[in-house]
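Asks: model the structure of this input:
(chains A and B)
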Amino acid sequence: NAGVTQTPKFRVLKTGQSMTLLCAQDMNHEYMYWYRQDPGMGLRLIHYSVGEGTTAKGEVPDGYNVSRLKKQNFLLGLESAAPSQTSVYFCAVATEWRGRPGEQFFGPGTRLTVL
Amino acid sequence: AQSVTQLGSHVSVSEGTPVLLRCNYSSSVPPYLFWYVQYPNQGLQLLLKYTSAATLVKGINGFEAEFKKSETSFHLTKPSAHMSDAAEYFCVVSDDRAAGNKLTFGGGTRVLVKP
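Replies: Down below sits the predicted model:
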């Protein structure tokens, strides 16, 4: 039982390159989230999903796209990476409690550097 | 939309003295509230949660938090700090379905424990 896994753990990109981050869960939860964490700015929500086939924008969605084709996977794409996207990216999965997201389980993070 | 304010981005305490981390929220519906801890270079883990049951919530590692509706607060406390409590702490509020089922993070409070 791995919980929440993220692939890759580290990546270095050049400006303009593209990449996809994969978040996978084995807990069968509906809610999945992508955050970025930057020094002094806490966690900021990029995109999220409340179920298979659904996605929604969070606080900082520009420059990112997501897909949730399968319930257990949530993909985060960068079409044309920029240095401002250098960050640590966390995926999280949430239980549901009376129609709302409940406890979140976080992946280990992906450290992305864009040169 | 919900919002969460953590007063004080940094808190310094001496080992053995009490810890108090402040969290205030805004919510148009009864909130679900969480505290998460992040140790250096790690992901986030749940400390405790409030989901409309008892107003005083006990969590792991000796932490507890009290929900005060009249003050819209959910402050985190620990009677006696330990060196291992040095970490960053996040207060989180859960939106209901009408607000998009998001989880909104406070900016975080970094705790330094002095010997």
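Asks: burial check on the nearest residue to A:Met19 once chain neighbours are set aside, number of neighbours?
Replies: Spatial nearest neighbour of A:Met19, excluding adjacent residues (Cβ to Cβ, 6 or more residues apart in numbering or on different chains): A:Leu78 at 5.5 Å. All C-beta atoms are positioned from the backbone trio N, CA, C, and that covers glycine. A total of 20 residues lie near A:Leu78 under the criterion other Cβ atoms under 10 Å in any protein chain shown.
Asks: from B:Pro115, how far off is A:Leu78?
Replies: According to Cβ to Cβ, to the nearest Å, A:Leu78 stands 43 Å off from B:Pro115.
Asks: so what's A:Pro83 up against?
Replies: A:15, A:114-115 (Cβ atoms under 8 Å, 6 or more residues apart in numbering or on different chains).
Asks: same question, B:Val57
Replies: Counting by Cβ under 8 Å, 6+ apart, B:Val57 has contacts B:48-50, B:64-67.
Asks: spatially, what comes nearest to A:Arg68 if we skip its sequence neighbours?
Replies: Closest residue in space to A:Arg68, ignoring its immediate chain neighbours: A:Ser49 at 4.2 Å, by Cβ to Cβ, 6+ apart.
Asks: please name the residues that touch B:Ala86.
Replies: B:111-113.
Asks: of the contacts of A:Pro83, which is the most crowded?
Replies: Using other Cβ under 10 Å as the neighbour test, the contacts of A:Pro83 are led by A:Val114, with 19 neighbours.
Asks: tell me what that one is bridged to.
Replies: Beta bridges link A:Val114 to A:Leu13, judged by DSSP bridges.
Asks: hang on, it packs against A:Arg11?
Replies: No - the criterion here is Cβ atoms under 8 Å, and A:Val114 misses it with A:Arg11 at 9.1 Å.
Asks: residues contacting the spatially most central residue of chain A?
Replies: Among the residues of chain A, the one closest to the centroid is A:Trp34, at 2.6 Å (Cα atoms, centre = their mean). Contacts for A:Trp34 (Cβ under 8 Å, 6+ apart) come out as A:21, A:23, A:45-48, A:58, A:64, A:66, A:74, A:76, A:89-91.
Asks: run the chain-centre distance for the helix or strand bottoming out on mean pLDDT in chain B.
Replies: Using mean pLDDT, DSSP states H and E, strand B:103-105 stands out as the lowest-scoring helix or strand of chain B, at a mean of 84. Averaging C-alpha positions (Cα atoms, centre = their mean, to the nearest Å) puts strand B:103-105 11 Å from its chain's average.
Asks: in it, what counts as buried?
Replies: B:103-105 (16 or more other Cβ atoms under 10 Å in any protein chain shown).
Asks: can you name the farthest residue from the center of chain A?
Replies: Quick read of chain A (Cα atoms, centre = their mean): farthest out is A:Arg98, 24.0 Å.
Asks: how about that residue: what's its closest non-neighbour residue?
Replies: The shortest distance from A:Arg98 to any non-neighbouring residue, by Cβ to Cβ, 6+ apart, is to B:Thr51 (7.7 Å).
Asks: same question, A:Leu22
Replies: Using Cβ to Cβ, 6+ apart and skipping residues adjacent in sequence, the residue nearest A:Leu22 is A:Thr7, 4.5 Å away.
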